[in-house]
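Asks: 3D model of this:
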Amino acid sequence: MDTSGLYRAVTARRPPSGDHSFPGNQAAIAGAAAVALVMAARRLAPLVVPLAPLMAFSRVFVGVHYPHDVALGLLLGGAVAALLVLALTGPAALAVRAVRAGRIRAGVLLTGPGPADTASPEVRNVPGCRMP
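Replies: Model prediction:
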């Protein structure tokens, strides 16, 4: 049984050699960055939400990924980033508070001085940032 014709038909449609990863690496990074930035500072959403799919689908445009590679990459990257942000926000906030409470100059330089007055916890270091 000659399967060379079937083989040529299946492999002829592949993108040129290079990065054939599934899901697309760049798409996963774009999705993760967009979700993490939106979760940290919602005001960035109008900028990063349209840019993430554009960056991901540029890989399809240049011919190195299939559309399903980048679509799954966007979804997977965004889902992993959301889970990590939700899982690590609490422990990270505790660590930042502990470093600030230590009053060590290097720690304060890295984490910022914190709210000006402990009686007003609504004061935040970065406008629009939802993390403590």
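
Asks: CA atoms for contacts and neighbours, from now on please.
Replies: OK.

Asks: hey, which helix is longest across this protein?
Replies: Ordering each helix of the chain by length in residues (DSSP state H) puts helix 67-102 first.

Asks: list the buried residues of that one.
Replies: For helix 67-102, the neighbour count (16 or more other CA atoms under 10 Å) marks 67, 69-82, 85, 96, 99-100 as buried.

Asks: now swap in stretch 38-50 and tell me
Replies: Val38, Met39, Ala41, Val48, Val49.

Asks: quick revisit: check which helices and strands the longest helix of the chain is in contact with.
Replies: The contact analysis (3 or more CA pairs under 8 Å, 6 or more residues apart in numbering; DSSP states H and E) places helix 67-102 against helix 25-40, helix 45-61, helix 105-111.

Asks: among those helices, which is nearest Thr89?
Replies: Thr89 sits nearest to helix 25-40 of all the helices and strands packed on helix 67-102, at 9.7 Å, using CA to CA.

Asks: could you give the angle of that closest one to helix 45-61?
Replies: 170 degrees (axes from the mean of the first three to the mean of the last three CA atoms, to 10 degrees).

Asks: buried residues in helix 25-40?
Replies: 25-39.

Asks: check those residues and tell me the two furthest apart.
Replies: Asn25 and Met39, at 21.2 Å, using CA to CA across the buried residues of helix 25-40.

Asks: that older thread, so for the longest helix of the chain, what's the average pLDDT?
Replies: Mean pLDDT, helix 67-102: 87.
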